[in-house]
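1. okay, predicted coordinates and the sequence, questions at the end:
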Amino acid sequence: MIKHIALVGKPNSGKSSLFNLLTGLNQKIGNYSGVTVEKKAGRFLDFNVIDLPGIKSLKAVSLEEQITKNSILDYTENKTPIVFVANGMQLEDSLLLFSEIADLQVRSVLAINFKDDLDKNQIRVDIDQISDQLGCPVVLLNSRTGDGLDELKALIIKESFQVPNAVCRSLYDDFEGDEVKNSFKDKIRKLNAQVLDEDDFYKRQKIVASIVRASVADLEKRTEFLKKSKKWDKIFLNPILGTLFFLGTMLVLFQSVFHLASYPMDWIDAGFAAASTWATNTIAPEWLASLISDGVLAGLGGVLIFIPQIAILFFLLGLLEHSGYLARISFISNRFLSLFGLSGQSVIPLMSSWACAIPAIMSTRVINDPRERMAVIFASPLMTCSARLPVYTILIAIMIPNKGSGFFNMQGVMLLGLYLIGVIATLVVAYIVSRRTKTKENNLWALELPVYRIPNWRNVLFNVYLKTKAFVIDAGKVIFIVSIILWVLASFSPKNDAFLQEQYQALKLEQNSENISKEAIDLEYSYAGYLGKFIEPAIQPLGYDWKIGIALISSFAAREVFVGSLSTIYSVGSEEESLIKTRMQNEVNTQSGGPRFNFATCLSLLLFYVFALQCMSTMAIVKRETGGWKYPIIQFVVMFIMAYVFAFAAYRFFM
Amino acid sequence: MIKGSLEEGERAIVVAIGGSMEFQNFLLANGISLGTILTKNYSPRFSKLINFSVSGKMLSLRTYDFSLIEYQKI
């Protein structure tokens, strides 16, 4: 039988590291359809481990904290035990929250984390003493290295969870005759940010302080612990040096995404081309070979090629996060963002949008001001997500030759430019939305600056693995289906063979050339061809033909499908099994005789994808977070108009 | 001295907290209450945030919010 345990703690207490250590690779990938993305779940032996979002107090303020509070209240009913993860360097703070949970009488084990910091600063914690005082098992732990993990695992396996000693529960005893009823749980359930309970807090604070005094020696040494971080903050929080460092970091990040990823990308591309050739030459019957080679392999190859770039992006963002630098970006950007009606607390959701808008929109729950939250939800899909990266990469590679010295080249600069356009558009839209949204202001914000740390490679790489896997699985499923549908549409025609042969001969005569491909004629008169031609008048002003039109339609639900679709379309229309980029570069504009993907068309397409909201999942999550279809529909229309106008202007200017 | 200007590195004890009940509750959740000792850290004026250490952590509040905390230097 599966048993449940939950990990509870304050933000930055190391819960997620412990969750990774306990569950290893047995984690569910967030599917974004329900609440599973907020509550991560994984398996440890027979236990289903739930990782709850960090909470500062049961008097929860943010939406994310409400989720944790409600879960803890549920655990009092269904007797689910918890592992409470406390930050050893901020023990009073953590124990204040733990004392509230103790008063709810939830079976617990206390794991005091950051044992390494305690040891390094010679702060000694008397485990037996603290365990006696709290009335539940206590372990010292280092969730970064796994030190102390065996003791914790043993406690979980033996199910040694105990109901801790109540701290202030008696304050809520109501006497009705001989009966004593306790109203603490009901009070907590009803509590919201408006309720202040000073008596409770001061008594709690006093008791917790006495427990810490009795169990922890040399706690004052932690002042030294913060000293080093304070020194670094003089550089990283400095308005000039800090801003320059931030911009430099971003430049290196985007150059790395382009430069370092280029080698493995070439290998993957060449691998798929070879597999495609092999499939064409060996598989029978011919239609099956074509389906595998031109449909499945071409479509999947078009997306899997971008794994190196996505992995590098997540790796570098992970380094920034785990080093503690990401919070400093919130600090230095606060003043700048205030010009756009936002604050530093919006930076992390906005930067998360570089990975994917869906978790970013969900993470806006930490923003207390509803007006600011709405502005970030509305604008964050304009930030360049990882799904846009495949589209950008292939188009930049075609429009800008790979020239430049060493690590820095114009392709990387162009990529940075596109990200900057996304940022500017996000800020402008956020400003407009924040000015127009009418909501009651609740503008409370406290930014915790974690100490600087050397990132834990295991956690960073583990996160890269999970995020990349999620991208491949989520995108791969859609692309696999779309590729097969597209192959069918591009391989079959409503016209008969005689008609196609007639057209082929007529074109050969007209062009006076024997080098006309029969496959190109087949594609033009296929179902996909008719579909593309149907929308061609609407997209022609942007510089696109019917083939690009097919890719645009197919990427309507998910933009990353665009490259896979182009790859499938050009595979069907081509006799050679060359690389995707080469196929696109060889495509000819039948009207001008020049390349189809010239500078103007590529730029127009890039700008279209910078602005267009082609992601059904994002729309679904916006609907859920805003409580209706109004916002996602407005968002889709506004972003489509922006995409069309900018793509049109770019094409007209550079054609 | 109550509610004076605190320089970088100086310590103070919180003697009163103004603002709404909601704000006071918010500070409690962040570990700031009467009697809390805080140390001001490097806080460039440009950022409009005040950075300080409290109970082993570094916290930043908006300048306006921080001005609602009354303290005495120690």
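-> Perfect, I can see it now.
2. which residues touch A:Phe84?
-> Contacts for A:Phe84 (C-beta atoms under 8 Å, 6 or more residues apart in numbering or on different chains) come out as A:Val8, A:Gly9, A:Ser94, A:Phe98, A:Ile101, A:Ser108, A:Val109, A:Leu110, A:Ala111. C-beta here means a position set from N, CA and C on the backbone, and glycine is covered the same way.
3. pretty sure A:Ala397 is touching A:Thr582, no?
-> No: taking C-beta atoms under 8 Å as the definition, A:Ala397 is not a contact partner of A:Thr582, at 10.5 Å.
4. so, low pLDDT: which residues of chain B?
-> Filtered on pLDDT under 70, chain B yields the residue ranges B:1-4.
5. look up how far A:Gln255 lies from A:Arg409.
-> Wrong residue type there; residue A:409 is Asn, not Arg. 8 Å (C-beta to C-beta, to the nearest Å).
6. now do A:Pro239
-> In terms of C-beta to C-beta, A:Pro239 sits 25 Å off from A:Gln255.
7. out of those two, which sits in the busier spot?
-> For the pair A:Pro239 and A:Gln255, the greater number of neighbours falls to A:Gln255 (20 against 14), based on other C-beta atoms under 10 Å in any protein chain shown.
8. returning to what we had before: any of the contacts of A:Phe84 buried? List them.
-> Among these, those classed as buried by 16 or more other C-beta atoms under 10 Å in any protein chain shown are A:Val8, A:Gly9, A:Ser94, A:Phe98, A:Ile101, A:Ser108, A:Val109, A:Leu110, A:Ala111.
9. ok, so of these, who is nearest A:Gly88?
-> A:Ser94 (8.3 Å; C-beta to C-beta).
10. surely that closest one meets A:Asn12?
-> No: at 10.4 Å, A:Ser94 and A:Asn12 do not qualify as touching, with contact defined as C-beta under 8 Å.
11. hey, what's in contact with both of these two?
-> Residues touching both A:Ser94 and A:Asn12 (C-beta under 8 Å, 6+ apart) are A:Asn87.
12. ok, A:Gln585 - how many residues close by?
-> Look at A:Gln585: counted by other C-beta under 10 Å, it has 14 neighbours.
13. what about it, distance to A:Gly549?
-> 19 Å.
14. sec struct for A:Tyr544, please.
-> Following DSSP: H, G, I helix; E, B strand; the rest coil, A:Tyr544 is assigned to coil.
15. buried sites along the longest helix belonging to chain A?
-> The residue-count maximum for a helix in chain A (DSSP state H) belongs to helix A:457-491. Buried residues in helix A:457-491, counted by 16+ other C-beta under 10 Å: A:459-460, A:462-464, A:466-468, A:470-472, A:474-476, A:478-480, A:482-483, A:485-487, A:489-491.
16. and if you look at stretch B:11-31?
-> B:12, B:14, B:17, B:22-31.
17. and the residue nearest the centre of chain B?
-> B:Phe66 (5.1 Å; C-alpha atoms, centre = their mean).
18. helices or strands up against the helix or strand hosting A:Phe499?
-> A:Phe499 is part of helix A:497-511, with elements assigned from DSSP states H and E. When contacts are defined as 3 or more C-beta pairs under 8 Å, 6 or more residues apart in numbering or on different chains; DSSP states H and E, helix A:497-511 sits against helix A:518-524.
19. give the rounded mean pLDDT of the helix it packs on.
-> Average pLDDT, helix A:518-524: 76.
20. what's the angle between the next helix or strand after that helix and helix A:457-491?
-> As assigned by DSSP H and E, the chain's next helix or strand after helix A:518-524 is helix A:527-539. If you take axes from the mean of the first three to the mean of the last three C-alpha atoms, to 10 degrees, helix A:527-539 sits at 100 degrees to helix A:457-491.
21. list of residues touching helix A:527-539?
-> Under C-beta under 8 Å, 6+ apart, the answer for helix A:527-539 is A:486, A:488-490, A:492-494, A:523, A:544-550, A:552-553, A:569.
22. list buried residues within those residues.
-> A:486, A:489-490, A:493, A:523, A:544-550, A:552-553, A:569.
23. can you name the next helix or strand after the longest helix that chain B contains?
-> Taking DSSP H as the criterion, chain B has its longest helix at helix B:21-29. Note on helix B:21-29: by DSSP H and E, the next helix or strand toward the C-terminus is strand B:37-40.
24. can you tell me which helices and strands that following strand packs against?
-> strand B:11-17, strand B:49-54.
25. now do the longest one against helix B:21-29, angle only.
-> Translated: strand B:11-17. In terms of direction (the same axes, to 10 degrees), strand B:11-17 departs from helix B:21-29 by 150 degrees.
26. is chain A contacted by strand B:11-17?
-> No: figure legend: strand B:11-17 not in contact with chain A (C-beta under 8 Å from any C-beta of the partner chain); closest approach 10.0 Å.
27. the inter-axis angle of that strand versus strand B:49-54?
-> 110 degrees.
28. neighbouring strands - and their directions - for strand B:11-17?
-> Sheet pairing of strand B:11-17 (DSSP bridges) gives strand B:37-40 (antiparallel), strand B:69-73 (antiparallel).
29. can you redo those strands as CSV with mean neighbour count?
-> Formatted as CSV, the strands paired with strand B:11-17 follow (neighbours: other C-beta atoms under 10 Å in any protein chain shown):
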stretch, mean neighbour count
strand B:37-40, 18
strand B:69-73, 18
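30. mind putting those strands into JSON lines with distance to A:Ile292?
-> Formatted as JSON lines, the strands paired with strand B:11-17 follow (distance: least, C-beta to C-beta, whole Å):
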{"stretch": "strand B:37-40", "distance to A:Ile292": "66"}
{"stretch": "strand B:69-73", "distance to A:Ile292": "68"}
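31. of these, which is nearest B:Met58?
-> Once these are compared by C-beta to C-beta, strand B:37-40 is nearest, at 9.4 Å.
32. if we look at chain B, which of the buried residues of helix A:457-491 are close to it?
-> Answer for the buried residues of helix A:457-491 near chain B: none qualify (C-beta under 8 Å from any C-beta).
33. contact residues of chain B facing chain A?
-> B:21-31, B:33-34, B:39, B:41-44, B:46-49, B:51, B:53, B:55-62, B:65.
34. who has more neighbours, A:Ala397 and A:Thr582?
-> A:Ala397 (20 against 15).
35. please name the nearest non-neighbouring residue to the more buried one.
-> Distances taken as C-beta to C-beta, 6 or more residues apart in numbering or on different chains put A:Lys581 closest to A:Ala397, at 5.6 Å, once the chain neighbours are dropped.
36. from the contact counts, what lies against the stretch of helix or strand the one you found belongs to?
-> Secondary structure assignment for A:Lys581, by DSSP H and E: helix A:580-586. With contacts taken as 3+ C-beta pairs under 8 Å, 6+ apart, helix A:580-586 sits against helix A:298-304, helix A:388-399, helix A:561-572.
37. which other helices and strands does the longest helix of chain B contact?
-> Helix B:21-29 sits against strand B:11-17, with contacts defined as 3+ C-beta pairs under 8 Å, 6+ apart.
38. verify the stated contact: A:Leu140 with A:Asp117.
-> No: contact criterion C-beta under 8 Å: A:Leu140 and A:Asp117 do not qualify, at 11.2 Å.
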